[in-house]
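>>> Model the following, please.
(4 chains)
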Number of protein chains: 2
Amino acid sequence: MSNMTIDGSRVTIADVAARANVSIATVSRVVNERYGVAASTITRVQDVIDELGYESSLVARSLRSQRTNVIGVLVSDIEPFSAELLKGIARALHGSEYELVIYSGMSAKEGWERRYLSRLSGTLADGIILVAPTVVEVNATHPVVAVDPHLGGSFLPTVDAQNFEGAVAATEHLLGLGHRRIGFLAGRADLESARRREAGYRFALELAGISFDPDLVQEGGFTEETAEVPARTLLSLPDRPTAIFAANDLSAIQVIRTANELGIDVPSDLSVVGFDNIPESALCDPPLTTIQQPIRAMGHHAIEMLIRLIRDDPPATTHVTLATELVVRQTTRTL
Amino acid sequence: MSNMTIDGSRVTIADVAARANVSIATVSRVVNERYGVAASTITRVQDVIDELGYESSLVARSLRSQRTNVIGVLVSDIEPFSAELLKGIARALHGSEYELVIYSGMSAKEGWERRYLSRLSGTLADGIILVAPTVVEVNATHPVVAVDPHLGGSFLPTVDAQNFEGAVAATEHLLGLGHRRIGFLAGRADLESARRREAGYRFALELAGISFDPDLVQEGGFTEETAEVPARTLLSLPDRPTAIFAANDLSAIQVIRTANELGIDVPSDLSVVGFDNIPESALCDPPLTTIQQPIRAMGHHAIEMLIRLIRDDPPATTHVTLATELVVRQTTRTL
DNA sequence: ATGAAAGCGCTAACAT
DNA sequence: ATGTTAGCGCTTTCAT
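A predicted model of the protein is given here:
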């Protein structure tokens, strides 16, 4: 529709003002529904806005005004976990007054949270959700809520899940099936959630009177790529584990793949349990037994907390931990 | 880390300039690696930047300069399809020079594409990917690529999938199982992809010599919520269909749910086929037979086309259609 | 090599 | 009721 542009460029507030024979300020008032504009002027300006298809620039507006009605979400990457979380966040935002901007600098480099925050905060968004940040000592001008953060003891409002309890449940599930040599494919050492999952694994073993074997623990790094070598290491052990608990589904899926390559059948020769219950875990073959995190609900809670902070409402809970649950599918079997 | 702020507010280029005893312009030159700055000055400014943790504001920068190194993705909502697409887009952007901004005004209201585009384009992003737009007569100042758009004949560079062929395959799968009364839960009438799926359904029926029964077609609207009533209508027909082909997985999942509520067993009493193969389709019970769209690959192609356009590279393909494929799971059975 | 100044599109304080 | 003006943080001429 050619009325979207004048001279092939964007329609700005100045174009509208000129065509309606009013000042830029008046157009701004009409757009923002401020008081003190004559009804006839409102009509005239609105007509021009419609005619020209004018829509105010988010960028220009947010540079100038404090309030933008935008919620920002900062992620290091769009992978299954963050994608699920985004679905929950979007759902929670339905029917609200807020718009959603998701930003990813496409780099998981050390300190991304701070850099992204610095690039967006104070400007684009009224409040920010930080997804799986490894740094939380952040000093922003706007409210920030962290989901699944590095540090448990952060002063940031936080949403996470029962990592420890979930890991205990996963390990006890394997123990209950008769497994005794249970490997653990750890997550990233710098993530609190990863450490708590390892703690749960160790705790369950100890409770069962099984002494901890450091050979049975490898760092898998939470992605399929980084999990391959450690998975192979674990599966090539002289006294190979009969079961592996992976710190997240992505690395569990890689364990299954690597096992297949090595001619090890899952679940006949090897039981595997993941963590997260991302949609992909049900898609893999065989479908993965895993610990379900209520990822979308976490998004929901994060939004609720953030909006409360933005509105400066009475301080609600500052730390929400949601329950995890074992989901038994087909990668685990009695020894 | 308190060095992120001065006086509790954002660190701006002015703060850096003041502390380094240079002008704002010089800091800008250092940040953007422009020529004509003394080596000693570069060092000094860079030190202050590091010390203060300065990062330029995306908003301010993009207001002023043409190039932002940001790819914008405009979606009406974050649901399984767009989330999958985002995963593909993010993957394609790994290691590139581009950052990613996803914008959703959280409204599927008529004309959202144009409004979002107007709010973002010309400012924040160097190029835009429009996801499932219903309007494509768009006149932007920057390159735009449409994924799965409304109009087939759009002049916009487009990425889509074989909707017609996929629908034929789905319908023929059901026909091959002996079904004759096959219902169709249509998509949104304003979406080209939805219409082509219906055309494929009709074509396959015709080819099989089955006359089209308008009672067997209901508009399902592509979401679980909107699909419920039409699904119930279809399943309450006096001469109930023995199979239903739904125009997307979300509505297929709703068909299964509604069937359960009505005491109709899938697949014993009713076969169901979806379209998309979103991860959720494998998660439902029983796992859904569906037509797979290579959603992530579509994201990949869209990025490639867009970057080419941004770089003004030799005009590559302006319209990519990817193949769809039948994925047989457990919701279809011989009659 | 560096600084001063204009201006991107907009909002808000201050006139009138 | 409406216009004028001063910035928001930044890049980019144009001077020096």
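>>> who are the neighbours in contact with the residue of chain A found nearest chain B?
Of all residues in chain A, A:P279 sits closest to chain B, with a separation of 3.0 Å (Cβ to the nearest Cβ). Backbone N, C-alpha and C define where each C-beta goes, glycine included. Neighbouring residues of A:P279 by Cβ atoms under 8 Å, 6 or more residues apart in numbering or on different chains: A:80, A:84, B:80, B:278-280, B:282-283.
>>> Buried ones among these?
Neighbour-count burial (16 or more other Cβ atoms under 10 Å in any protein chain shown) applied to the contacts of A:P279 gives A:80, A:84, B:80, B:278-280, B:282-283.
>>> Format these as CSV; extra columns: secondary structure.
Formatted as CSV, those follow (DSSP: H, G, I helix; E, B strand; the rest coil):
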residue, secondary structure
A:P80, helix
A:E84, helix
B:P80, helix
B:I278, coil
B:P279, helix
B:E280, helix
B:A282, helix
B:L283, helix
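>>> can you put those residues in JSON lines and add distance to A:G95 and pLDDT?
Output for these, formatted as JSON lines (distance: Cβ to Cβ, whole Å; pLDDT from 0 to 100):
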{"residue": "A:P80", "distance to A:G95": "26", "pLDDT": "95"}
{"residue": "A:E84", "distance to A:G95": "21", "pLDDT": "97"}
{"residue": "B:P80", "distance to A:G95": "20", "pLDDT": "95"}
{"residue": "B:I278", "distance to A:G95": "23", "pLDDT": "94"}
{"residue": "B:P279", "distance to A:G95": "25", "pLDDT": "90"}
{"residue": "B:E280", "distance to A:G95": "22", "pLDDT": "90"}
{"residue": "B:A282", "distance to A:G95": "30", "pLDDT": "87"}
{"residue": "B:L283", "distance to A:G95": "26", "pLDDT": "83"}
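>>> From A:P287, how far out is A:D249?
11 Å (Cβ to Cβ, to the nearest Å).
>>> which neighbours do the two share?
Counting by Cβ under 8 Å, 6+ apart, the common neighbours of A:D249 and A:P287 are A:S281.
>>> Enumerate the beta-bridge partners assigned to A:D276.
Counting by DSSP bridges, A:D276 forms beta bridges with A:Q292.
>>> follow-up on the earlier one: return only those of the contacts of A:P279 found close to DNA strand D.
The subset of the contacts of A:P279 lying close to DNA strand D, counting by Cβ under 7 Å from any atom of the strand, is empty.
>>> which two from those end up farthest apart in space?
The span of these, defined through Cβ to Cβ, is set by A:E84 and B:A282 at 14.5 Å.
>>> Helix, strand, or coil at the residue in the stretch 151-300 of chain A that DNA strand D sits nearest to?
The minimum distance from the stretch 151-300 of chain A to DNA strand D, using Cβ to the nearest atom of the strand, falls at A:L156 (22.6 Å). Following three-state DSSP, we place A:L156 in the coil state.
>>> dump the residue contacts of A:I24.
A:13-14, A:17.
>>> burial measure for the nearest residue to it once chain neighbours are set aside, as a count.
Nearest residue to A:I24 in three dimensions, chain neighbours excluded: A:A17, at 4.6 Å (Cβ to Cβ, 6 or more residues apart in numbering or on different chains). A:A17: 18 surrounding residues under other Cβ atoms under 10 Å in any protein chain shown.
>>> Quick one: residues contacting A:A17.
By Cβ under 8 Å, 6+ apart, A:A17 lies in contact with A:23-24, A:26-27.
>>> about what we covered before: compare A:D249 and A:P287 and say which is more crowded by neighbours.
Neighbours were counted for A:D249 and for A:P287 using other Cβ under 10 Å; A:D249 has more, 27 against 17.
>>> Can you verify my assumption that the more buried one contacts A:G274?
Yes - A:D249 is in contact with A:G274 according to Cβ atoms under 8 Å; the separation is 3.9 Å.
>>> Overlap in contacts, those two.
A:281, A:288, A:290.
>>> Angles on the backbone of the second one, please.
Geometry field for A:L288 lists phi and psi as phi -80, psi 130, criterion degrees, to the nearest 10.
>>> Name all residues that make contact with it.
Contacts of A:L288 (Cβ under 8 Å, 6+ apart): A:249, A:252-253, A:256, A:272-274, A:281-282, A:329-331.
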